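In: predicted structure and sequence below. I'll ask about it afterward.
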Amino acid sequence: MSHRVATHHPEPILIRVDGAEVTALPGEMLASALLAADQPVFRADLEGQARGMFCNMGTCGECFVTVEAPGRPARRLRACLVPVELGMVVRRG
Amino acid sequence: MFDLAIIGGGPAGQAAAEIACAAGLGVVMLDEQPRMGGQILRQPPATLGVRDWLPGATYDDLKAQLHRSEALDGLDWRGGVSVLGLFRDADGFQLLATGRDGRLTIAARRVLVAAGCYDMPTAFPGWTLPGVMSAGGVQAFLKSQQIVPGKRFVLAGTHPLQLLVADQLRKAGADVAGVHFAQGLGAMVGQLLRDPLLPLGNLRPFRDAAAAFVNLRRAGVAVRFGQRLVRAIGSERLEAAEFADGTRIACDVLATCYGFLPQADLPRQAGCAMQRCERTGGLAAVIDRWQRSSVQGLSAAGETTGVAGAEVALREGRLAAIGILLADGLLSESEAERRAAPIRRELAKLQRFADLLARIADPRTAIAGLADDATILCRCEDVTRGALIRAIRATAGPEDASALKLVSRAGMGVCQGRSCEHAVRALLAEQGAAPGGGFTARFPARPVAIADLID
């Protein structure tokens, strides 16, 4: 289970991940919000095996998720590079 | 049209920007991260309060450069932008990039690629389980997100950076179950003693690693040598790390630390001459004494030219900018040489330490034979070592990595081969085939939605 260590932070917001509400801090990356919510599985591979975060620097592509944010079209994005926003809807897999 | 486009907001790019802006050039800097800093100073979002962010002398010089570069008036900073391709034209270069708001095109007379490096992905049974991460990735969660990304951590590899990551995790309240060097302590000390005139006490990376080692020992964290990681165990997520002597350590994060590969997609795509990094198998841009690549107008600095650390990157960035001013006729030959001389002297000294660190951290023995035939080498396309060997051995088998890519799909996925290329080339060599120059670098260097490319 991950934990946050910032000394102070803005009011948490709620985002929706595969239908469930997940608490996130404005400005943090989507990958961080998922790990902080104890959700380390981001997708399944061709054999159905679970995959999660690997490089956390935009290089490996393991953290691709589908992101819908208000006013923007749905996009497949690397969760390690997407700051969370109010109203964000995320689908893994 | 910008005079200079700098790709990468780490120390090399920051240092180059400062000199180029001071000379009056119009400079744009692009980086995938929202804030300047690079991986070494990857900044937390402005919304988070952080007490005593990255303390210590190691970070102080780098922070000073960052603060100066962030304050540059003439610098057009574009964060959250991924450069997909570099195209040469009559006036210089067109950069095609994407950000959260879609595509952007940037024209610049000259380009400096200072794209940094990434952790060498190391394949072993179980390495695709959620919870197995690169040490740099784990450290980035802590540095830039203020998150301890798990509960119980095991670190394993050959690179001394893992001591620093473990100590930072411990200070942030993580349970660090142990740090494991595959090589013996004697081998590491032996490398140090081979060059007894090196004043190690003066060199920050060694001093920092030693301090972290002492801190970890005092805190009761085991630092073990000659402990080779062989397997990650778990079903839906990581449960334990297994070592060659049969020891199993329960953990939910296994951070691997075997060294770093240059981020070199863009110079490769642009056709720059590249050279192979001897110990890690990465490809680095070949540069001249002014950091100029073999492609006219394209310079490279920092880890893109070979992994040697932030202090070297910072100075290479300065040298690159001086070289650009020289090429633009803004500095005379003698003035450029005069400004470069002290930088070159520092670089020569730092490079000697970087070489020593690379010898100490040499991953080759530790990773040889780690993957078995069922181990996935290409994480994107799920291609196993066994499948690659079958493809190599097939009639008139592939003679190089690009040919093997076409028949196996290894390297065809969203990472463009960054995760598997070095392993594929090592496997080709092991099987007696010619590894050639690696996969042919293709546009786009980063994944992009098709909708962002069409009008």
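Out: Nice, thanks for sending it over.

In: now A:Val17, nearest residue through space, not along the chain?
Out: Leaving out its chain neighbours, the residue that sits closest to A:Val17 by C-beta to C-beta, 6 or more residues apart in numbering or on different chains is A:Val90, at 4.6 Å. (Glycine included, C-beta is placed from N, CA and C.)

In: make sure the one you found is indeed in a strand.
Out: Yes. Assignment of A:Val90 by DSSP: H, G, I helix; E, B strand; the rest coil places it within a strand.

In: can you get me a residue count around it?
Out: Neighbourhood size, A:Val90 [other C-beta atoms under 10 Å in any protein chain shown]: 24.

In: distance check, B:Pro34 against B:Arg88.
Out: 29 Å (C-beta to C-beta, to the nearest Å).

In: same question for B:Phe443.
Out: Taking C-beta to C-beta, one finds B:Phe443 at 13 Å from B:Arg88.

In: what's the answer for B:Arg446, then?
Out: Computed as C-beta to C-beta, the B:Arg446 to B:Arg88 distance reads 20 Å.

In: compare the two (neighbour count), which wins?
Out: Shown here are B:Arg446 and B:Arg88; by other C-beta under 10 Å, B:Arg446 has more neighbours (22 against 15).

In: doesn't the more buried one fall inside a helix?
Out: No. Counting by three-state DSSP, B:Arg446 falls outside a helix, being coil.

In: could you find the closest non-adjacent residue to it?
Out: The nearest residue in space to B:Arg446 (C-beta to C-beta, 6+ apart) is B:Ser82, at 4.0 Å.

In: may I have the beta-bridge partners of that neighbour?
Out: Beta-bridge pairing for B:Ser82 (DSSP bridges): B:Thr98.

In: who are the contact partners of it?
Out: A:58, B:32, B:97-99, B:445-446, B:448 (C-beta atoms under 8 Å, 6 or more residues apart in numbering or on different chains).

In: residues in contact with the one residue in chain A that gets nearest to chain B?
Out: Per C-beta to the nearest C-beta, A:Gly52 is where chain A lies closest to chain B, at 2.7 Å. Residues near A:Gly52 by C-beta under 8 Å, 6+ apart: A:40-42, A:62-63, B:129-131, B:133, B:237.

In: sitting in strands, which of those residues do you find?
Out: Within those, residues falling in strands by DSSP state E are B:Met133.

In: next one: phi and psi at the closest residue to B:Asp73 other than its chain neighbours?
Out: Distance criterion C-beta to C-beta, 6+ apart; nearest residue to B:Asp73, sequence neighbours excluded, is B:Cys21 at 7.4 Å. For B:Cys21, the backbone dihedrals (degrees, to the nearest 10) come out as phi -70, psi -40.

In: so what's the one residue in the stretch 1-150 of chain B that gets nearest to chain A up against?
Out: Nearest to chain A in the stretch 1-150 of chain B, going by C-beta to the nearest C-beta, is B:Pro130, at a distance of 2.7 Å. Neighbouring residues of B:Pro130 by C-beta under 8 Å, 6+ apart: A:40-42, A:50-53, B:236-238.

In: who touches B:Cys257 in this structure?
Out: B:119, B:134-136, B:155-159, B:161-162, B:165.

In: so which of those residues belong to helices?
Out: Taking DSSP state H, the ones among those that sit in helices are B:135-136, B:161-162, B:165.

In: picking that back up, contacting residues for the residue nearest to A:Val17?
Out: Counting by C-beta under 8 Å, 6+ apart, A:Val90 touches A:15-18, A:30, A:65-68, A:79.

In: for B:Leu377, see how far away the residue of the stretch 301-450 of chain B found nearest chain A is.
Out: Nearest residue of the stretch 301-450 of chain B to chain A: B:Val414, at 3.7 Å (C-beta to the nearest C-beta). B:Val414 sits 15 Å away from B:Leu377, going by C-beta to C-beta.
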